[in-house]
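Trainee: Curious how this folds, go ahead:
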Amino acid sequence: MKKKTLQLVLLFSLLRSIPAGAADFTVTSLADTGAGSLRTAITSLNASPDAANSIRFMTGGTINPATALPAITRNVDFSAPGGAVTIQRSGMGNGNGLLTTSGSPSVSFTGPVTLVASGSLNVSAIRGGDNLWISGSLPYNLSSLTTGNGAYGTYSRLSTTIGGDVSGTITANAGTFNAYGLRSGGGNMNITGDISALIRVSAGTTAAYGVSASDNMTISGDVSGDIGSTAGTGTAFGIHAYRNLGIGGDVSGTVSGTVLNGSEAYGIGAGIVTTGTNRNLTIGGDISGRVTASASGSGAYGIYAGRDIAIAGDLSGTVGATAGTYGAYALSAGNDLMVGGDLSGRIEATAGTLDAYGLSSSYI
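Mentor: Just a heads-up that it's a prediction; the model follows:
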């Protein structure tokens, strides 16, 4: 009896030590519904008890969902061993995401997967119900287009975490206002890898943001990509955090904000809120790339922080600001401005009337 009890205990312990299973769901059809479709794969995924899952596209081509796909509730990696896949939906309604998550499952993408979302307003290629967790890399291409306001490559109501690199191409074009490449709507953004992507964002009127967090942002790696935001009448940011912004590596790429017929353009901006001590910008490496801002009216800031700017390495690249009327600031800190290495690059500020500053702070 004791021997049997011991055997059962050992068996139970062994079962507990076996990792949770992984389920594999395949997409073999480009049809919207039916066996082998993406819709069926997501439905099966959501019923999976496994901790790790994958959806594999076994055939290349374009999938056109006629209605919203089911929200993803389980961890999943999308891969495309069968060739490049595009998921494309037009005519999307207010607040819709092409791929959406519910709860906080982890989502990642391997291989040539493209998401294209378009509609009237508030459309996202990837949308998190609350928090958005991308455990690996983003899709190779993300695109969002609206005739009205609100075009988002990715959007989360709260925070966004990307556990890999941001590469490929991200575009967001809004007919009126609010265009964002990557957006955390009510919390922090944490990117643990590099940003090497081509990011292009445009808004017909105001508010174009390449990478944006409504609270703090951390980019652990390098910014080596090409990030450009253009607004018709006001407010354009390349990289933006309302509070603290930390870039752990180098800024070797191109980051720009452009306002065609108005004011308030920023290349990299942190601490845009008007009060509080958490309004700092830190760059852990060198600035060897190009960071610029251009506004036809007033207020152009190449690099801005509400309080402190700290650049640990060299500034050997170009930081520039051009304002059509007044207020051009290449580097502007509300408090301290510190460069730990050599300052051998180009710092340029041009204003049509007055107030053009290469370096501006209370203390340098």
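Trainee: Ramachandran coordinates for the closest residue to Ala117 other than its chain neighbours?
Mentor: Once flanking residues are discounted, Ala117 sits nearest to Leu98: 4.1 Å by CB to CB, 6 or more residues apart in numbering. C-beta coordinates here come from the backbone N, C-alpha and C atoms, glycine included. For Leu98, the backbone dihedrals are phi -70, psi -50 (criterion: degrees, to the nearest 10).
Trainee: State the number of residues packed around Leu98.
Mentor: Using other CB atoms under 10 Å, Leu98 is surrounded by 24 other residues.
Trainee: Please name the residues that touch it.
Mentor: Leu98 makes contact with 65, 69, 87, 89, 92, 115-117, 123-127, according to CB atoms under 8 Å, 6 or more residues apart in numbering.
Trainee: Take those residues and lay them out in a markdown table including secondary structure, neighbour count and pLDDT.
Mentor: Shown next, in a markdown table, are the contacts of Leu98 (DSSP: H, G, I helix; E, B strand; the rest coil; neighbours: other CB atoms under 10 Å; pLDDT from 0 to 100):
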| residue | secondary structure | neighbour count | pLDDT |
| --- | --- | --- | --- |
| Pro65 | coil | 17 | 97 |
| Leu69 | coil | 21 | 97 |
| Ile87 | strand | 21 | 98 |
| Arg89 | strand | 24 | 98 |
| Met92 | strand | 23 | 95 |
| Leu115 | strand | 27 | 98 |
| Val116 | strand | 19 | 98 |
| Ala117 | strand | 27 | 98 |
| Val123 | strand | 31 | 97 |
| Ser124 | strand | 29 | 98 |
| Ala125 | strand | 29 | 98 |
| Ile126 | strand | 27 | 98 |
| Arg127 | strand | 25 | 97 |
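Trainee: So, low pLDDT: which residues of the protein?
Mentor: 1-21, 362-364 (pLDDT under 70).
Trainee: how about a cut-off of 80?
Mentor: Scanning the chain with the threshold set as pLDDT under 80 gives 1-21, 361-364.
Trainee: residue closest to the middle of it?
Mentor: Central residue of the chain (CA atoms, centre = their mean): Leu182, 2.7 Å from the mean position.
Trainee: need the helices for this structure, in chain order.
Mentor: Counting by DSSP state H, the chain has helices at residues 2-17, 38-46.
Trainee: So which elements touch the last one?
Mentor: Read it as helix 38-46. When contacts are defined as 3 or more CB pairs under 8 Å, 6 or more residues apart in numbering; DSSP states H and E, helix 38-46 sits against strand 22-27, strand 52-57.
Trainee: Just checking: what are the partner strands of the first one?
Mentor: Within its sheet, and counting by DSSP bridges, strand 22-27 is paired with strand 52-57 (parallel).
Trainee: residues making contact with the strand it pairs with?
Mentor: The contact list for strand 52-57 (CB under 8 Å, 6+ apart) reads 20-27, 38, 41-42, 45, 74-83, 85, 113.
Trainee: Let me see the contact set for Ser360.
Mentor: Contact analysis of Ser360 by CB under 8 Å, 6+ apart lists Tyr329, Leu331, Ser332, Ala333, Leu337.
Trainee: So the first one sits against Thr322, correct?
Mentor: I take that to be Tyr329. No. The pair Tyr329 / Thr322 is not scored as a contact, 10.6 Å apart, by CB atoms under 8 Å.
Trainee: of those two, who's got more company?
Mentor: More crowded of Tyr329 and Thr322, by other CB under 10 Å: Tyr329, with 26 against 21.
Trainee: Thanks a lot, see you next time.
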